[in-house]
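Trainee: give me a 3D structure for the following:
(chains A and B)
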Amino acid sequence: MDLKRNLLLLTIIYGIIGILPLFFGSTQFIMHILIICLIWSVVASCWDLIMGFAGIFSFGQVAFFVIGSYASAIISAKFSVPPIFSVFLAGIVAGALGILVGLPCLKLKGAYIALVTFAVHMILEPILKGDIGRAIGTGGSRGILTIEPMNIFGYTFSSSQLVPYFYLMFILAIICSLIILMVIKSHWGNAFLALKDAEVFATCLGVSAFKYKLMVFALTSFLTGLIGGFYAHYVGMISTRMLGTDLFVTLMIMLVIGGIGKFPGAIIGSFITISINEMLSPLGSYRPIILGAMVIILVLMMPDGIIGLIQKIFPGRNREEARTIS
Amino acid sequence: MLEIKNITKKFGALTAVNNLSFNVQKGDVFGIAGPNGAGKSTLYNLITGLYPFEGSIRFNGQELRGMLPHRIAKLGIARTFQIPQTFPSLTVEAGIGIGNYFGSQDGFDSSYVDQILKFVNLDKKRNHKTGQLNLLDKKMLMIGAALATKPKILMLDEPMAGSNSKEIISLMDLIKRINQDMGIAIIIIEHFMKVLTELTRKLLIIQTGTEICCGDPVEVTSNPKVIECYLGSSGDGQITTSENSNSEIHIGEKNAEKNLTGSNHAGGK
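Mentor: Purely as a prediction, here's the structure:
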């Protein structure tokens, strides 16, 4: 999809999302769901950038989100840093750890990267719950229960009035989406795709696999950590429960529904997944079974997700050219 | 320009390249031939920094040993691969742009990318995804992306493989233009002797990674050692350069079976 079509799609998506508070602004539950959708849309988009575009099977996205949440909560509490800055610092902490995780991964390929990054996910919980975690202020098994809400220029965002929180996250999501789009459509994005498609040929054309793979690790973990920081101040309490497999699997479903490597599919995928998940909540333990069945059906019917379907309905220039060739 | 001195590459017990030495001068067209598994592509992998090696490779006086592939590309050494490598996720224009943006020392120049697109006859397919291209266009794209790095030397790995006679003529014409119009030195690995004798000024024959002989292509192809290398010790065949056949190495019937069984060939690549 070219830049114009991507921008048009993003405008339509965010245009629709942006007017939703006009209809649901007074319903706290729906506003909370919308904020959560925006939060996960960024995390899923970051995961899509590293996995779908750069072809790096990183399974550490939830870990970087949790690192960002804890980092922002601890920085704001321990050093009295205003949340708006601690969120940014949390992104830097997650980005730095992303580089540290990325370095050994550069020597590995495919499933081995997935194993290393998932190992980071797995060891994070005992670290945060253990002595090291308690020493840095994670609160151990209990987690951090009182996190300062977002505060900008003296205005404190309240959990009793979610519309301002929604628009703050809305702006943040737009900024993150534009950053991701700019990267995808730049020479960097082309380098990611070239390395994914034919790494040896790309390196023989001058693309530094080391530099660009590390760059994608740093960028996606930075943005994920930043959003994790926002999440911590929004919900006001965090624990290692986020590291359970539920969230990990839900994020993966978002990617599959939206279309892997089909930005901005992850944004649409996150809204659909969370909405369906909430609608199925009365079904209790049957919910994951039905959600899983839906994913299988969707994968079989739409292997390229929602964006793949949109591209089929509105083929654009590439499809016309394919016809010309045939 | 390119000085290769006593390079050796071993994979465990297998010596893929054994103490090879040769030079390529500015504007040269240098051919490399040898049976399958002779170490030709491995030699390219050593020059482009994909494998470590023993010995020395100098390019314009600079030692390449230990240098990473993307740095070697920026110095002005570009290559193609025997099996066409393209970027299915990218358009033709973006694929060629990769070479110009990342490989050229002069920085990105969209007008140069346009020139290359025209040069390799892909300007009308610039917005096509590379996965949609046919084999010849994929080869053209690979060559175009390599040329976009503004190389001083272009290494082609069996560019004629899988091509019909019309495509071979078109590719030969392109290679001549790259050498004559752009002034780029060419190293070409090829099995088609007609291509090598027509294009190259110097031909190196290797077998099991070792040099058999090196020199004028016509002399080399009539060298008994080369004939033996291709056809076996009792060879009553000869290496010819037929106009009408894609298979340029013609062998006597007696030796065909022997050659096909690989009894004269080196180990796998």
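Trainee: what residue in chain B comes nearest to chain A?
Mentor: Of all residues in chain B, B:G103 sits closest to chain A, at 3.1 Å by C-beta to the nearest C-beta. Where you see a C-beta, it was placed from the backbone N, CA and C, and this is true even at glycine.
Trainee: list the contacts for that residue?
Mentor: Residues in contact with B:G103 (C-beta atoms under 8 Å, 6 or more residues apart in numbering or on different chains) are A:L205, A:G206, B:H70, B:A73, B:K74, B:A78, B:A148, B:T149, B:K150, B:P151.
Trainee: repeat the analysis, applying 6 Å as the threshold.
Mentor: Listed by C-beta atoms under 6 Å, 6 or more residues apart in numbering or on different chains, the contact partners of B:G103 are A:L205, A:G206, B:A73, B:T149.
Trainee: quick check: the closest residue to the third one other than its chain neighbours vs B:F87, distance?
Mentor: Meaning B:A73. Excluding the flanking residues, the one nearest B:A73 by C-beta to C-beta, 6 or more residues apart in numbering or on different chains is A:G206, at 4.0 Å. As judged by C-beta to C-beta, to the nearest Å, A:G206 and B:F87 stand 14 Å apart.
Trainee: just B:P69 next, same as before
Mentor: Applying C-beta to C-beta to B:P69 and B:F87 gives a distance of 16 Å.
Trainee: interface residues of chain B facing chain A?
Mentor: B:48, B:69-70, B:73-74, B:79, B:85, B:87-90, B:94, B:98-99, B:101-103, B:127-128, B:132, B:145, B:149 (C-beta under 6 Å from any C-beta of the partner chain).
Trainee: same thing but 8 Å
Mentor: B:48, B:50, B:68-70, B:72-74, B:78-79, B:81, B:85-90, B:94-95, B:97-99, B:101-104, B:108, B:125, B:127-129, B:132-133, B:142, B:145-146, B:148-149 (C-beta under 8 Å from any C-beta of the partner chain).
Trainee: now the buried members of the residues you listed.
Mentor: B:48, B:50, B:69-70, B:72-74, B:78-79, B:81, B:85-87, B:89-90, B:94-95, B:97-99, B:101-104, B:125, B:128-129, B:132-133, B:142, B:145-146, B:148-149 (16 or more other C-beta atoms under 10 Å in any protein chain shown).
Trainee: about what we covered before: how close does the residue of chain B closest to chain A get to A:G244?
Mentor: Distance from B:G103 to A:G244, by C-beta to C-beta: 46 Å.
Trainee: in contact with the nearest residue in space to B:L199 that is not next to it in sequence, which residues?
Mentor: The shortest distance from B:L199 to any non-neighbouring residue, by C-beta to C-beta, 6+ apart, is to B:V29 (5.4 Å). Contacts for B:V29 were tallied using C-beta under 8 Å, 6+ apart; they are B:I175, B:N179, B:A185, B:I186, B:I188, B:L199, B:T200, B:R201, B:K202.
Trainee: helix/strand/coil for B:M155?
Mentor: strand (DSSP: H, G, I helix; E, B strand; the rest coil).
Trainee: chain neighbours aside, what residue packs nearest to it?
Mentor: B:R79 is the one closest to B:M155 (C-beta to C-beta, 6+ apart), at 4.1 Å.
Trainee: tell me the contacts of the one you found?
Mentor: Applying C-beta under 8 Å, 6+ apart to B:R79 gives the contacts A:C204, B:Y44, B:I47, B:T48, B:A146, B:L154, B:M155, B:L156, B:D157.
Trainee: could I get the pLDDT score of the fourth one?
Mentor: The model reports B:T48 with a pLDDT of 94.
Trainee: my read: it touches B:I153, true?
Mentor: No - contact criterion C-beta atoms under 8 Å: B:T48 and B:I153 do not qualify, at 10.6 Å.
Trainee: sketch out the low-pLDDT regions of chain A for me.
Mentor: Low-confidence segments of chain A, defined by pLDDT under 70: A:316-326.
Trainee: nearest to chain B: which residue in it?
Mentor: Nearest to chain B in chain A, going by C-beta to the nearest C-beta, is A:G206, at a distance of 3.1 Å.
Trainee: what is the neighbour count of that residue?
Mentor: 25 (other C-beta atoms under 10 Å in any protein chain shown).
Trainee: now do the SS call for it.
Mentor: Per three-state DSSP, A:G206 ends up coil.
Trainee: just checking, it touches B:K74?
Mentor: Yes - in terms of C-beta under 8 Å, A:G206 counts as a neighbour of B:K74; the distance is 5.3 Å.
Trainee: now do the shared contacts for these two.
Mentor: With C-beta under 8 Å, 6+ apart, A:G206 and B:K74 have common neighbours B:G103, B:S104, B:T149.
Trainee: for chain B, which segments count as strands?
Mentor: B:2-11, B:14-24, B:29-33, B:54-59, B:62-63, B:77-79, B:153-157, B:185-189, B:202-207, B:210-215 (DSSP state E).
Trainee: would TSV of these with mean pLDDT and distance to A:G305 be doable?
Mentor: Shown next, in TSV, are the strands of chain B (pLDDT from 0 to 100; distance: least, C-beta to C-beta, whole Å):
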stretch	mean pLDDT	distance to A:G305
strand B:2-11	92	42
strand B:14-24	91	44
strand B:29-33	92	47
strand B:54-59	93	46
strand B:62-63	93	48
strand B:77-79	95	37
strand B:153-157	95	37
strand B:185-189	94	42
strand B:202-207	90	50
strand B:210-215	88	54
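Trainee: deepest in the core, which of those strands is it.
Mentor: Comparing the strands of chain B by mean neighbour count (mean count of other C-beta atoms under 10 Å in any protein chain shown), strand B:77-79 ranks first with a mean of 29.
Trainee: and residue 34, how many neighbours?
Mentor: The chain I'm using is chain A. Counted with other C-beta under 10 Å, A:L34 comes out at 25.
Trainee: could you do chain B instead?
Mentor: 25.
Trainee: how close does it get to A:G95?
Mentor: For B:G34, the distance to A:G95 equals 50 Å [C-beta to C-beta].
Trainee: what's the answer for A:G236, then?
Mentor: In terms of C-beta to C-beta, A:G236 sits 24 Å off from A:G95.
Trainee: and the two? which has more neighbours close in?
Mentor: Between A:G236 and A:G95, A:G95 has the larger neighbour count (other C-beta under 10 Å), namely 23 against 14.
Trainee: which residues does the more buried one contact?
Mentor: By C-beta under 8 Å, 6+ apart, the neighbours of A:G95 are A:A218, A:L219, A:S221, A:F222, A:G225.
Trainee: once you drop chain neighbours, what's closest to B:S89?
Mentor: Nearest to B:S89 is A:L193, by C-beta to C-beta, 6+ apart, at 4.1 Å.
Trainee: report the distance from the helix or strand hosting the one you found to the chain centre.
Mentor: Taking DSSP states H and E as the definition, one finds A:L193 inside helix A:187-197. Offset of helix A:187-197 from its chain centre (C-alpha atoms, centre = their mean, to the nearest Å): 20 Å.
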